[in-house]
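Undergrad: Next comes the sequence, and after it the predicted model I'd like to discuss.
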Amino acid sequence: MKFSATISIGLSTISAASAWEESCTQFKSIYADGTELCEKMWDDSFTVVDDESMGYTMWFFDHDANPNNEITAAIHGNSSTPEQCHLKYFHKDVPGPEDDAMTECHPWQNSACCNSETVKSGAALNAAYGPGYEWDRCGPMSQACERFFVQEACLYECEPSAGLYRKFKEDQFNDPDYNEWQLFKMPIKKSYCNAWYDACKNDYFCGKGSFFECEAFYWENEKAKEEEKAAAALAASKAKESKAPSPGVVIGLSVAGALAVAGILSSIVLIRGEKSGNPMFAPQNLEPSENAVST
């Protein structure tokens, strides 16, 4: 969408990102609050809880003391970190330490289900799942907002307890929707989701707020773009054909050109003959010959 320079300042503050996709809308127009954001963005992957002692956090700072371990113990009665990662996408089989190269998702360095190479940067995490799953589909986000998306990606990739909330268990492999990567209703602290909403409410997101819906909409857009390109190419080809001369005109021009060339060559021959004293059309001798019979 383009605006003239005379549009009021109020309207001019509308993010240019809204032009990236027709479905782009501000967070505050999609989600009523942090609870809706966390529960809607990944469908049923997360559920928001008011009781802070029963909800996980997506970020912490002390890699020697993961607070999510306490939440796991409170909910599941386990006194230790899960010994398997359970989720299977880029995940390791079992949690373990990573090297100092793990700077982006550093809180999980001592015990992670991710490889440091997978989570080496925010850009790598954003592009990890392919076209349609980027969080900045509606244009660059504010730094504060984007950090929450990085944190969620780190939680999903690295948090050992996340695998406890895998949607489909091993014995459900006959389910037509079976997969080994999807989360289901992992409890998240309400305070964390509210902070996320406050950071992103003026930024833009696509569709009705679901990552999976946005991914489908992305491919619909790509298909429409390809169809538009094909239609434009066809129109250009037809326009080119309509401007091309007909066969009759081409033949006529060819004949005219040939006659013109013949005329030029004839002129050259005549001129050369005149200069050499042997004109092609010499004047006739009108004097009577000596042998002519007089009357």
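TA: Cool, got the structure.

Undergrad: switch to C-alpha atoms for all contacts and neighbour counts from now on
TA: Will do.

Undergrad: would you list every one of the helices in the stretch 51-200 of the chain?
TA: Remark: helices assigned in the stretch 51-200 of the chain by DSSP state H, counting those that start in this stretch are 68-76, 122-127, 143-158, 190-200.

Undergrad: And those: which comes nearest residue 25?
TA: Nearest to residue 25, of all the helices of the stretch 51-200 of the chain, is helix 190-200, at 11.6 Å by C-alpha to C-alpha.

Undergrad: Please produce JSON lines containing the helices of the stretch 51-200 of the chain, extended by mean neighbour count.
TA: Shown next, in JSON lines, are the helices of the stretch 51-200 of the chain (neighbours: other C-alpha atoms under 10 Å):
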{"stretch": "helix 68-76", "mean neighbour count": "17"}
{"stretch": "helix 122-127", "mean neighbour count": "16"}
{"stretch": "helix 143-158", "mean neighbour count": "20"}
{"stretch": "helix 190-200", "mean neighbour count": "20"}
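
Undergrad: quick one: pLDDT of the closest residue in space to residue 92 that isn't next to it in sequence?
TA: Residue nearest to residue 92 in three dimensions, not counting chain neighbours: residue 113, with 5.2 Å by C-alpha to C-alpha, 6 or more residues apart in numbering. pLDDT, residue 113: 97.

Undergrad: for residue 113, what are its contacts?
TA: Counting by C-alpha atoms under 8 Å, 6 or more residues apart in numbering, residue 113 touches 85, 91-96, 157-160.

Undergrad: Kindly write the PyMOL command that selects the buried subset of those.
TA: Buried residues among the contacts of residue 113 (16 or more other C-alpha atoms under 10 Å), as a PyMOL selection:
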select buried, resi 85+91+92+94+95+96+157+158+159+160
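
Undergrad: What segments of this structure are strands?
TA: Ranges of strands within the chain are 25-26, 46-49, 186-189, 204-205, based on DSSP state E.
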